[in-house]
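Visitor: Could you look at this predicted model? Sequence included:
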Amino acid sequence: MLIDGSFLLPFQSWLETHFPAARLLVVGGSVRDALRGHPSKDLDLEIVGATPEAVAAAIPWPKQQVGKSYNLLLVQFEEHGWLEVSVEPGSLADWESLCRRRDFTCNAIAWDVLEARLLDPLAGRRDIEAGVLREAGPTSILADPLRVWRAAQFCARFDWNVDDELRAAIQNAVPALSGLAQERVTREWEKLLVMPDQPGRALQLLDDWGVILECYPELFALHECPQEAQFHPEGDVWIHTLMVLDQAARLGREREFSPLQRLQLGLAALLHDLGKPSTTRRESGRITAHGHELAGLKPARQWFERHSFGEPIALAVLDCVGKHMRPMQLCREILAGKLSPAQQVNAVRRLIRDLDAVEWPVFLTLCEADQRGRALPQDGYLPAQVFGEILAEHPALLETARTDLLRGRDLIALGIAPGRQMGDWLERVERARDAGEVATSEEAREWVRQRLAEAR
């Protein structure tokens, strides 16, 4: 049996009693994935042969209406939880025409719960086995150009290729992409960056189809932006970005990051080098991009303004974009013997403190993906080793790095009245801390006492 729908038989029996012409089908990605050998408990259901309003009014199971229409409901099936149930009028004989309104043939396959058989009018199973993505109908892409992103995501996730007709349909739909709602495009970017093992392939497909040129000039500018071959033998910044994307996806999975962390990581990999086109120079026979991390903040902000990821995600990614060179630069200083042990600890603390919105593991993983995303032999990631040793010796550093040494009440106890001067003193203490003059709260209080005494 392809899909175990036995727990749905009571629901099917209820349908037969109240809607004799109706049939319950498992549809969409759950059937596709079962055919690929990856069955899922998260089933999408479709009732064919009843009106949505009648089903919504009569259904005895706990339910929730999705959106303004009754066509999509959430129904609770005890231990299986809430499942999506769409309702289509007509009959099972009309199901082939309903399939042609879907996106791809791989998603136009159903499992008939009552008869335990596969319904595959568009030969989607054959396409799955062949690794080919085809339109479900002649206007599937033009009816919803958002499916272009989905096509790239599927090809990257499943290692498939589009057929010639779908490729032509995608290229014809490219001019319509700029008119799509940013919320819908954002959701597709989330899937594209998180779900495939190699999101770099999805990005390359979007580029091959003309989507990057049409919709993302800041990304297209990475093409043919040269890099110094000694450090980037893989080629231009575009190729490097694809490699960083794939490395970030791999590292995020291996480290069991949450979906949110992996999304932040993927976005940071996508945008981390946007500053290189404006800063790349040839100097003394070498290619440089000094300051590209800070220069990348403006185009990265503009990219986020055209999407709806939300401010917390945007700020976390901007932290990565603007500071991704600092770990390696700091390691070079440490290994060159330029910093004493105390200065090393303080420098790591400053780096952690300056990460306003992103978690330390996500940031350092992005920096590692940047290092590994190039055609060079790779061993371990040096900053992880160096910083790991420092953090092992100072385990509280991650928690205390973003905490000021003194608070307002400490300054009041030293005789400083509340007001603007209190904020100035707090800033002075933190600057002294950055300079290595103080390291503890007691040292900070003594530092303030001395300066107050000198000012009298």
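Guide: Right, received. Where do you want to start? Numbering: from 1, shown residues only.
Visitor: pLDDT of stretch 426-445, averaged?
Guide: Stretch 426-445 comes out with an average pLDDT of 88.
Visitor: I misspoke; the intended subject was stretch 79-87.
Guide: Mean pLDDT, stretch 79-87: 88.
Visitor: Kindly export it (C-alpha atoms) in CSV.
Guide: Written as CSV, here are the backbone C-alpha positions of stretch 79-87 (Å, rounded to 0.1, in the frame of the first residue of the first chain):
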residue,chain,number,x,y,z
GLU,A,79,-3.5,11.4,17.1
HIS,A,80,-2.7,12.5,13.5
GLY,A,81,-3.4,16.1,14.4
TRP,A,82,-4.7,18.8,12.1
LEU,A,83,-4.7,18.1,8.3
GLU,A,84,-5.6,20.4,5.4
VAL,A,85,-8.7,19.3,3.6
SER,A,86,-9.7,21.1,0.3
VAL,A,87,-13.2,20.6,-1.1
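Visitor: Sort out which residues of it are buried, please.
Guide: In terms of neighbour count (16 or more other C-beta atoms under 10 Å), stretch 79-87 has its buried residues at 83, 84, 85, 86, 87. C-beta: built from backbone N, CA, C; applies to glycine.
Visitor: just these now: which is nearest residue 364?
Guide: In terms of C-beta to C-beta, no member of the buried residues of stretch 79-87 lies closer to residue 364 than residue 84, at 38.1 Å.
Visitor: Report the spatially nearest residue to the closest one, omitting neighbours in sequence.
Guide: Leaving aside its sequence neighbours, residue 84 sits nearest to residue 44 (C-beta to C-beta, 6 or more residues apart in numbering; 5.3 Å).
Visitor: from the buried residues of stretch 79-87, which two are the most distant?
Guide: Taking C-beta to C-beta as the measure, the buried residues of stretch 79-87 span a maximum distance of 13.1 Å, between 83 and 87.
Visitor: how far away is the residue sitting nearest the centre point of the chain from residue 41?
Guide: For the chain, the residue nearest the mean C-alpha position is residue 263 (2.1 Å; C-alpha atoms, centre = their mean). Using C-beta to C-beta, to the nearest Å, one gets 23 Å for the distance from residue 263 to residue 41.
Visitor: what does residue 444 give?
Guide: Taken as C-beta to C-beta, the span from residue 444 to residue 41 is 55 Å.
Visitor: which residue ranges form the helices in the stretch 51-200 of the chain?
Guide: The residue ranges that make up the helices of the stretch 51-200 of the chain, judged by DSSP state H, counting those that start in this stretch, are 52-58, 95-99, 124-130, 140-143, 147-158, 164-173, 182-194, 199-208.
Visitor: closest to residue 236 out of these?
Guide: In terms of C-beta to C-beta, the element of those nearest to residue 236 is helix 199-208, at 12.3 Å.
Visitor: So for residue 444 and residue 41, which sits in the more crowded spot?
Guide: residue 444 (23 against 10; other C-beta atoms under 10 Å).
Visitor: For the more buried one, identify the helix or strand it belongs to.
Guide: Following DSSP states H and E, the helix or strand that holds residue 444 is helix 441-455.
Visitor: and what of residue 356?
Guide: Applying DSSP H and E, one finds residue 356 in no helix or strand.
Visitor: repeat for residue 313
Guide: Take DSSP H and E as the rule and residue 313 turns out to sit in helix 311-323.
Visitor: Please write out the alpha-carbon positions of the helix or strand following that helix in CSV.
Guide: Sequence order places helix 326-335 as the next helix or strand after helix 311-323, per DSSP H and E. Provided in CSV are the C-alpha atoms of helix 326-335 (Å, rounded to 0.1, in the frame of the first residue of the first chain):
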residue,chain,number,x,y,z
ARG,A,326,36.1,39.9,11.4
PRO,A,327,36.7,36.4,12.7
MET,A,328,39.4,35.6,10.2
GLN,A,329,41.0,39.0,10.7
LEU,A,330,41.0,38.6,14.5
CYS,A,331,42.5,35.1,14.1
ARG,A,332,45.4,36.5,12.0
GLU,A,333,46.1,39.0,14.8
ILE,A,334,46.1,36.3,17.5
LEU,A,335,48.3,33.9,15.5
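Visitor: Give me the helices and strands touching helix 326-335, please.
Guide: If you count contacts as 3 or more C-beta pairs under 8 Å, 6 or more residues apart in numbering; DSSP states H and E, helix 326-335 packs onto helix 341-354, helix 360-372, helix 382-393.
Visitor: what does stretch 404-418 contact?
Guide: Contacts with stretch 404-418, where a contact means C-beta atoms under 8 Å, 6 or more residues apart in numbering, come from 422, 425-426, 429-430, 433, 438, 440-441, 443-445, 448-449, 452.
Visitor: Please read off the pLDDT at residue 69 from the model.
Guide: At residue 69 the predicted local confidence, pLDDT, stands at 62.
Visitor: so when I look at the residue nearest to the centre of the chain, I'm seeing a helix, right?
Guide: Yes. Under DSSP: H, G, I helix; E, B strand; the rest coil, residue 263 sits within a helix.
Visitor: who touches it in this structure?
Guide: Residue 263 touches 190, 193, 194, 309, 313, counting by C-beta under 8 Å, 6+ apart.
Visitor: circling back to that earlier point, for the buried residues of stretch 79-87, give me TSV that also has distance to residue 284.
Guide: Formatted as TSV, the buried residues of stretch 79-87 follow (distance: C-beta to C-beta, whole Å):
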residue	distance to residue 284
83	64
84	61
85	67
86	64
87	70
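Visitor: Show only the entries of these found in strands.
Guide: 83, 84, 85, 86, 87 (DSSP state E).
Visitor: Do I have it right that the fourth one meets residue 71?
Guide: Yes. With contact defined as C-beta atoms under 8 Å, residue 86 and residue 71 form a contacting pair (5.8 Å).
Visitor: Other residues contacting the helix or strand bottoming out on mean pLDDT in the chain?
Guide: Between all helices and strands in the chain, the lowest mean by mean pLDDT, DSSP states H and E belongs to helix 95-99, at a mean of 83. Defining contact as C-beta under 8 Å, 6+ apart, one finds that helix 95-99 is touched by 25, 48, 88, 90, 108, 110, 119, 121, 122, 136, 137.
Visitor: what are the phi and psi angles of the second one?
Guide: Spelled out, that is residue 48. Backbone dihedrals for residue 48, given as degrees, to the nearest 10, come out at phi -110, psi 130.
Visitor: can you give me the end-to-end distance of stretch 254-261?
Guide: Stretch 254-261 has an end-to-end distance of 13 Å (criterion: C-alpha to C-alpha, to the nearest Å).
Visitor: how deep is residue 379 tucked in, by neighbour count?
Guide: Using other C-beta under 10 Å, residue 379 has 6 neighbouring residues.
Visitor: Same question for residue 341.
Guide: 10.
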